[in-house]
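Trainee: Kindly return the folded structure for what I paste below:
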Amino acid sequence: MIRPALSALALIALSPAAIAQDAAPSVAEAQFAQIASWEGRWEVAGTDALEIVFTSTARGTVMIERWETAAGLHSMTVYHLDGERVIATHYCPQGNQPRLASLPEVGGRIEFAFHDVTGLDEGESHASSLAFVPQQDGSLKRTETYTDLDGPGSPSTYVLTRAP
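Mentor: Residues are numbered from 1 along each chain as shown. As a prediction, this is how the structure comes out:
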């Protein structure tokens, strides 16, 4: 009686689900975990008018990046896993919502490329690329590019440091 029970336990332990639990995280899972590690309030170098806040929601399956000013919420970007990629949906003050998909990791850098956009009115620009590069000193370099009818604009780079 004990032998069949042990055999059943061995089969359960070797099941694909059990093996998957011990497997290393995928690139997308590692990227999302890195974004989740940024939870908290960040200051933007060169300005006192803006703070960026990362918060977790939906039992840790979604990260929200809020841009906050003295006047209130400016914009936000929502990150979540979608199979083998992370999707970033940016809710822009212009009223459009570009979605960007993560690219394979390159040396700790998390990079997103344009996937599609909703709510885009003629003549509006939209986020078309986004990248995060963690720095040795614990700061975070965030670079974004917007595209309009004339093509991609110049990238904007912000250096974020954790707020005290």
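Trainee: Residue for residue, what is the longest strand the protein has?
Mentor: Longest strand in the chain by number of residues, with DSSP state E as the criterion: strand 72-82.
Trainee: Flag every buried residue along that one.
Mentor: For strand 72-82, a neighbour-count test (16 or more other CB atoms under 10 Å) marks M76, T77, V78, Y79, H80, L81 as buried. Yep, even glycine has a C-beta here, placed from its N, CA and C like the rest.
Trainee: what about G107, neighbour count?
Mentor: Applying other CB atoms under 10 Å, we find 5 residues neighbouring G107.
Trainee: thinking again about what came up before, identify, from the buried residues of strand 72-82, the entry nearest to E65.
Mentor: Lowest distance from E65 to the buried residues of strand 72-82 (CB to CB) belongs to T77, with 4.4 Å.
Trainee: Model confidence at that closest one, what's the number?
Mentor: If you check T77, the pLDDT there is 98.
Trainee: How much space separates it from W42?
Mentor: Taking CB to CB, to the nearest Å as the measure, T77 falls 13 Å from W42.
Trainee: Show me where this protein has its helices.
Mentor: 2-13, 16-22, 27-36 (DSSP state H).
Trainee: Endpoints of stretch 85-103, how far apart?
Mentor: With CA to CA, to the nearest Å as the measure, stretch 85-103 spans 7 Å from end to end.
Trainee: again, but for stretch 124-144
Mentor: From its first residue to its last, stretch 124-144 covers 16 Å (CA to CA).
Trainee: any idea how far it is from the chain center?
Mentor: 10 Å (CA atoms, centre = their mean, to the nearest Å).
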